[in-house]
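Enquirer: sharing a model prediction with you, sequence too.
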Amino acid sequence: MQAEWTGAVRPGERIGPYTVLSELASGGMGRVYLARSPGGRTVAVKTLLNAVDGVTADADRRRFAREVELARRVRGLFTASVVDADADAHVPWMATEYIPAPSLRELVASQGPLPRAGLYWVAAGMVEALVSIHTAGLVHRDVKPSNVLLPEDGPRLIDFGISQAADITRTRAALGTIAFAAPEQARGEPTTAASDVFSLGATLFHLATGRSPYRDMGQGTALEQLVRAAEGDLDLAGLPGELGALIRPCLAPDPGARPTPDLLLAEVGTVLADRPQARGATDWLPRGWSTAIEQHRRRRTEEADAAQRRIDPEAVTERTPPATDRTHHLPDSRPGGLRRRGARLLTAVTLVGLLAAGAVVYALQDEGAKAEAPGAVRQDLRLVMVEQSAAGKCTDALPPPTFYAGDVDACYRISTRGADRMSVRQLREVTTEFDERAGGWLILMTFKDDDAERFTDLTMRAAQRASPKNQVAVVLGDRLLTAPAITAAITGGQVQIVGDFTEAEAKALAGELGAR
């Protein structure tokens, strides 16, 4: 079936020749899907969804076509290649190679800053990516940690959404993320290759310290932060001395004083040359980083396979193999779901998205509970970080608020800080389908955009905490449903509630969550 509308495309439907497996991410301008080519290759398909009455605006269509054209210019080992595109389709789309890897933003959040050797290895790949982009006559203009994926064989710089041709003069160009934008970019001045070098330095500074190089970035109003960036108000405290020679020159206020990518390649090359036998992430990165990368790749591959089997159990999907054979010693990380213990406890929820890990569990309310329509504001469902836990029932040993989990015979004390909790405000959609692999029914639940972002932020912060504080309690009314440990940030807007449900149980739960 060919998708001919501007709304979400469901698994099994097609975008061009590509069969959609699942939705990876969504935003105000479009969606990104995991899809399968006719020959079995897994790709990421980006669609443009900014439309009025089903018609894509001409300006948006031209902007998307330009993004496709710019992305096709780039050829390099450390960028995501364009596979196919159709900017003239009813819903314009672009297919790129699928990279099942976490972003630098996620890795820093879950694993902490990167030591010198690993940082130089990542920097080398990013600089090569800039060389490829600039050689094609482009300026990326949005280099930042979330736009750099890190598979085993080296970083990939992605997202050419606001790139511009270097031969186009513009004085009010679209602004990249303020925390990593060059001062001249924040001032609305023309951006050049030197602007990308500043953003590279800001990204490397984040890798080394866990924050933006701008003073108090993230505090105050957006205008105040923009002014600090435009004025080049830097705070480089905490930057390890051995990294200063690489990072500080990139952050020079004067674009002309910043090193070129070629000079940076020469500098990082001397460090890499000291270890000629080192190749991939397992050689250069701390064990926690390389383990997280392999776990993410394995999880994404298994999710793609499972999605394919739900659509066509007989089809063969080309798997994304490990980049090297040096990761065989890493611990098995296949996500395991909690099975039901008792009449009310359901099973783990796994993310169907680009970057995910963790679980969320819901329980059925008493019979006759009022179902809420998708999009309705909820009052009873919330996610809260755990502060303490103890075996057995709750006693005075743990001060309130506490919840007892009978399935694991443990008591959990949850945080009372507003930043450590979120109420589920709205759901976009709730559906059920039969899972042939598990032989049971599952529920697909999609958050509204704001809740999806808040959930990502909550799980990102939880992943940085030591056990049991890396657990997130899922509370429905006055009941604790589960408190899964979070090992990496969960991104994307859709989750699966999976388990040994009968059809009646799945539909009852979906009805409570808002299915019609």
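Expert: Structure's in. What do you need?

Enquirer: Provide the secondary structure category for the most far-flung residue of the chain relative to its centre.
Expert: Using Cα atoms, centre = their mean, the residue of the chain lying farthest from its centre is Asp396. It sits 39.8 Å away. Secondary structure, DSSP: H, G, I helix; E, B strand; the rest coil: Asp396 is coil.

Enquirer: now do the same for it: its pLDDT.
Expert: On pLDDT, Asp396 comes in at 74.

Enquirer: now do the helices in the stretch 101-250 of the chain.
Expert: 104-111, 116-135, 183-186, 193-209, 222-230, 241-247 (DSSP state H, counting those that start in this stretch).

Enquirer: so which of these comes closest to Arg215?
Expert: helix 222-230 (5.9 Å; Cβ to Cβ). C-beta: built from backbone N, CA, C; applies to glycine.

Enquirer: next, the angle from that closest one to helix 193-209.
Expert: 110 degrees (axes from the mean of the first three to the mean of the last three Cα atoms, to 10 degrees).

Enquirer: can you give me the buried ones in helix 222-230?
Expert: By neighbour count on 16 or more other Cβ atoms under 10 Å, the buried set for helix 222-230 is Gln225, Leu226, Arg228, Ala229, Ala230.

Enquirer: pretty sure the first one contacts Gly218?
Expert: Yes - applying Cβ atoms under 8 Å as the test, Gln225 and Gly218 come out as touching, 7.4 Å apart.

Enquirer: that older thread, of the buried residues of helix 222-230, which is the nearest to Thr502?
Expert: Taking Cβ to Cβ as the measure, Thr502 lies nearest Gln225 of the buried residues of helix 222-230, at 51.9 Å.

Enquirer: distance of that closest one from Ala186?
Expert: Using Cβ to Cβ, to the nearest Å, we find Gln225 at a distance of 9 Å from Ala186.

Enquirer: and the longest strand anywhere in the chain, which strands flank it?
Expert: Longest strand in the chain, counting residues (DSSP state E): strand 381-391. Strand 381-391 has its sheet partners listed here by DSSP bridges as strand 410-414 (antiparallel), strand 421-423 (antiparallel), strand 472-476 (antiparallel).

Enquirer: neighbouring contacts of that strand?
Expert: 360, 362, 397-398, 409-415, 417, 420-424, 455, 458, 461-462, 465, 468-469, 471-476, 483 (Cβ atoms under 8 Å, 6 or more residues apart in numbering).

Enquirer: hang on, Gly238 packs against Thr209?
Expert: Yes - if you go by Cβ under 8 Å, Gly238 and Thr209 touch, sitting 4.7 Å apart.

Enquirer: who has more neighbours, the two?
Expert: In terms of neighbours (other Cβ atoms under 10 Å), Thr209 is the more surrounded of Gly238 and Thr209; the figures are 20 against 12.

Enquirer: where does this structure have its least confident helix or strand?
Expert: In the chain, no helix or strand scores lower on mean pLDDT, DSSP states H and E than strand 349-351, which sits at a mean of 29.

Enquirer: residues contacting Pro155?
Expert: So Pro155 contacts Phe78, Leu104, Val122, Gly125, Met126, Ala129, Val148, Leu149 (Cβ under 8 Å, 6+ apart).
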